[in-house]
Each structure stands twice: as structure tokens, then as C-alpha cells.
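K.L.:
missing the sequence, but the structure's below:
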Ligand code: DOR
Ligand code: ZN
């Protein structure tokens, strides 16, 4: 048995001085002065559940120059992320059983837990029952973006919602038709209302990806009052940047949906602090420096983020902008509950997915430190306080690259 000692552990909504005993891949005991064969001294550190990022693009396959499972795993564990849900807009897309199975095999190269989305397309929507046996959730694109998986026919949407309900899987929707990226009111709220109505009609478990505006959040909160089975996420880039930043930084901040207004950004922070946002996910969308350097029109949409979300949000905790409780809810507990994983809380019997944080460590994000194969970050230059120094994935130690000598190597 391995014992993590002397840390402040996040349990039952607060930090407590406790030991954690790990055996094989599980948390076996929580308490004082636990006995074991091996002790890891975590003095001065905090221990949180590992982050579950329900929205990443792991690429690989024909886009392994942008990211592959190994580099994704490194980037994720550098950021305290122990589980990712990979999106299916790969090349080729994950729309058949064979491709999903192959992708799952390839995902073993990552040093983290991996979950796989299946794409719903015009080619496969009649066959979702079979695909459901191999995927962790389904993704439907109502808008055009990387991968061109858009389904626009409203008749098909109804069939799709009905079929997904039958599979009992979660349906995550990209509810944002294209449009003028400078028009921040856009179609987001209309599209979200449209899918909320479909979910109500067919009793579908709906998750709405990357919500960016106050109006859209309010539309979802309104729908939740009628007991819909719906959840939604926002992403760190909508908390950190606005359309104004895109005007100055161009393609580096090109993404779908596009950045919104300063009022929306402030609203998202407020909603986060109030506990109105279910999940923060990164929409980690790695494209290389070369690909992003060809001007706004031609550059692909998307920004990487998996390795900095926890430090970005933890820095907000250090600055008293967000409580640690909310951070753990949106990054760990809510994603685990929504997607049915025995993770996301530090309790006996759960998977030993843990992140040890040095709350005092300050570091500036630099391009050289980026672990993702894409090789850049929209957050370069930001100095943040509070970084992961040790990550455990089902009990196995993964040293984030920023770990100090000796951290996590005591065995
Ligand atoms: O900006 C984006 N990039 N939005 C998406 O929906 C897809 C993603 C990607 O795969 O590059
Ligand atoms: Zn995405």
C-alpha cells in the first residue's frame, strides 16, 4: 500500500489534513497516520481529484503531426488531467465500429484514462445501436468545423435524437452553425434552444459543448427548470479572451464558436463562481504553428488548452476569484457524475486518479514548455500561481514536467 502523507486533501467539499492510502488502482483508505509499505511526503501540497476533460481533440491517425495519443497524454498529465474524452472529428472520422476500436487501441499509448466519442453522420445515423457498444458518448455537429461532420437536415436531427435516447448514451452537440465570426450574438442561442427542444421531445441525455455567451447560458438554465436531462460546458479560452483579443491576435485566437464579448466573459466568470456552469472542458484543438501562421481566413479553427486549464483556474482560486470547491466541481466531480465514471471525488473505492498541487509555485507559460505536439499555447506569457507537481493515474505516478527534483520519485 502506498500512502500520500502530510497534504491538504480535498474531501467532502473542503481541504483536510489526511493521508490517502492507495492499493493497485484504487483509493483504499483516508485517515490519519495510515500505515503502508511506502510513504510519499506531500508537505505543503494540496491533493485534488484528477481533472476529467470531456472535450479534447487527440487527432492522431492522419493528423498525428498536430497531436498523437502519446503527446496528448503528456500534455494532459502536465496539466493534472487524468481522463480525457476524445472527439471523433479525426481524419478519418470515428463513425464506424472498426475505426473506434482502432482508435481505442491507439489510445493505449497515452499515460492517462481515455474515453472515445463516436461521430454521428449522415452515413451512420441509422446504425447507432451497434456503434453505441463501442463508444463512451456520441457527438453531433450542427455547425461546420474541423472534420466537416456537419449534419444539417432537420428530419435527420429528429431521428438521431430518438436513436441516441435508445442507446442511453450522452449526446454532445456542437450547437453553433457557422456565420460571421465577428457577430457575437450569432446562432448559438437559437441552435441551443433548438437542441433543447429536441432533447425534451425525445428525452435525450444532452450535453452542450463550448457555450460562450450569457444569452446561451440563460437559455440552458431556463430549460433546466423543466427537468431536462441536460448539461453544458464552457472552455478556458472563453473565460480568458474576447473578440477584441481576436482582433489583435488574429488566427491564433480563431476557434469555433468564436470568442464573444467582454460582458459575456465576465458573465461566465460570475456564473462559474455561482455554481451555474456544469463543466469546464478545454476543447483542446491542436493545430501546428505553421498551420496557424497562414492568415485568419485560411488558418484552421481551434486552440490547444489541455495542459493549462487546471493552472489557469487554480490561479483564479489563488486570486480569490473562484473557490476551490467550484474548481473541483466543474473540472472533476461534475464531469465524472455526468459521464458515469467512478472518479472525480476523493473517496474510498474510487479510482486513484489524483493531482498533487504546489499552491505556491509560480511559473510563466512559455512556448518551450508546451508538451502538446502543436508547440504553442494561447496563454504564453501568463504567469500563474499553483501548478501540478505529481499526477497519479489509477495509482501510477506520472511526473508532470514542472515537478521539482525528487517530487513523486520517492518509492
Ligand atoms: O475551434 C474548433 N476546433 N472548434 C471545433 O469545434 C473543432 C475544433 C477542431 O477540431 O479543430
Ligand atoms: Zn471541439
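P.N.:
Right, received. Where do you want to start? Since the structure is predicted, the reported quantities are computational estimates derived from the model, not experimental observations. Numbers count the residues shown, from 1 in each chain. Ligands and ions are numbered 1, 2, ... in the order given.
K.L.:
ok, and the closest non-adjacent residue to the residue of the chain found nearest ligand 1?
P.N.:
Using C-beta to the nearest ligand atom, the single residue of the chain nearest to ligand 1 is residue 302, 2.8 Å away. C-betas here are computed from N, CA, C, even on glycine. In space, and not counting its chain neighbours, residue 302 is closest to residue 285: 2.6 Å by C-beta to C-beta, 6 or more residues apart in numbering.
K.L.:
so who does the residue of the chain closest to ligand 1 touch?
P.N.:
Applying C-beta atoms under 8 Å, 6 or more residues apart in numbering to residue 302 gives the contacts 57, 145, 146, 254, 255, 256, 283, 285, 286, 287.
K.L.:
what's the closest of those to residue 314?
P.N.:
residue 283 (19.2 Å; C-beta to C-beta).
K.L.:
what's around the closest one, how many residues?
P.N.:
The local packing of residue 283 (other C-beta atoms under 10 Å) involves 27 other residues.
K.L.:
correct me if wrong: it contacts residue 235.
P.N.:
Yes: using C-beta atoms under 8 Å, residue 283 makes contact with residue 235 at a distance of 4.7 Å.
K.L.:
contacts only, for residue 262.
P.N.:
Contacts of residue 262 were listed using C-beta under 8 Å, 6+ apart, and they are 242, 244.
K.L.:
OK, contacts around residue 277?
P.N.:
Neighbours of residue 277 in contact, by C-beta under 8 Å, 6+ apart: 217, 232, 233, 234, 268, 271, 330.
K.L.:
quick check: which element contains the third one?
P.N.:
The one in question is residue 233. Secondary structure from DSSP states H and E places residue 233 in strand 230-234.
K.L.:
that strand: partners in the sheet, and parallel or antiparallel?
P.N.:
strand 206-208 (parallel), strand 279-280 (parallel) (DSSP bridges).
K.L.:
dump those to CSV, plus distance to ligand 1 and mean pLDDT.
P.N.:
As requested, those are exported to CSV (distance: least, C-beta to the nearest ligand atom, whole Å; pLDDT from 0 to 100):
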stretch, distance to ligand 1, mean pLDDT
strand 206-208, 12, 98
strand 279-280, 16, 98
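K.L.:
okay if I get those strands as CSV plus mean neighbour count and distance to residue 110?
P.N.:
Below are these laid out as CSV (neighbours: other C-beta atoms under 10 Å; distance: least, C-beta to C-beta, whole Å):
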stretch, mean neighbour count, distance to residue 110
strand 206-208, 28, 22
strand 279-280, 28, 21
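K.L.:
relative to residue 154, which of the ones you listed is closest?
P.N.:
It's strand 206-208; of the strands paired with strand 230-234, that one is closest to residue 154 (C-beta to C-beta) at 16.4 Å.
K.L.:
contacts made by the closest one with the rest, please.
P.N.:
By C-beta under 8 Å, 6+ apart, strand 206-208 touches 54, 137, 170-173, 175, 192, 195-196, 198-199, 220, 228-233, 279, 338.
K.L.:
tell me the helix or strand right after it.
P.N.:
As assigned by DSSP H and E, the chain's next helix or strand after strand 206-208 is helix 214-224.
K.L.:
what is the mean pLDDT for that following helix?
P.N.:
Averaged over helix 214-224, pLDDT sits at 96.
K.L.:
for it, buried residues please.
P.N.:
214, 215, 216, 217, 219, 220, 223, 224 (16 or more other C-beta atoms under 10 Å).
K.L.:
got it, and stretch 24-32?
P.N.:
Neighbour-count burial for stretch 24-32, counted by 16+ other C-beta under 10 Å, picks out 27, 28, 29, 30.
K.L.:
related to what we said a few turns ago, give me the number of residues near the residue nearest to residue 302?
P.N.:
Count around residue 285 with other C-beta under 10 Å applied: 28.
K.L.:
residue contacts, it?
P.N.:
When contacts are counted by C-beta under 8 Å, 6+ apart, residue 285 touches 57, 146, 255, 301, 302, 303, 304.
K.L.:
circling back to that earlier point, joint contacts of residue 283 and residue 235?
P.N.:
Here residue 283 and residue 235 have 55, 210, 305 as joint contacts, going by C-beta under 8 Å, 6+ apart.
K.L.:
SS state for the first one?
P.N.:
Assigned state for residue 55: strand (three-state reduction, DSSP: H, G, I helix; E, B strand; the rest coil).
K.L.:
how much space between it and residue 191?
P.N.:
Distance of residue 55 to residue 191, computed by C-beta to C-beta, to the nearest Å: 17 Å.
K.L.:
more neighbours: the two, which one.
P.N.:
residue 55 (27 against 21).
K.L.:
isn't the more buried one right next to residue 283, touching?
P.N.:
Yes: Residue 55 is within contact range of residue 283, at 4.9 Å (criterion: C-beta under 8 Å).
K.L.:
shared neighbours of the two, anything?
P.N.:
In contact with both residue 55 and residue 283: 209, 210, 235, using C-beta under 8 Å, 6+ apart.
K.L.:
and the second one, how many residues sit next to it?
P.N.:
Translated: residue 210. Residues lying near residue 210 (other C-beta under 10 Å) number 24.
K.L.:
for it, give me its contacts.
P.N.:
With C-beta under 8 Å, 6+ apart, residue 210 has these contacts: 55, 174, 176, 233, 234, 235, 238, 256, 257, 281, 283.
K.L.:
pLDDT below threshold where in the chain?
P.N.:
For the chain, the stretches with pLDDT under 70 are 178-186, 401-411.
K.L.:
give me every residue in it lying close to ligand 1.
P.N.:
57, 89, 145, 146, 174, 255, 256, 285, 300, 301, 302 (C-beta under 6 Å from any ligand atom).
K.L.:
tell me which two of these sit farthest apart.
P.N.:
Farthest apart among the residues of the chain next to ligand 1 by C-beta to C-beta are 174 and 300. That separation is 15.2 Å.
K.L.:
so the two - more neighbours on which side?
P.N.:
Here residue 174 and residue 300 are compared on neighbour count by other C-beta under 10 Å; more neighbours surround residue 174, at 25 against 18.
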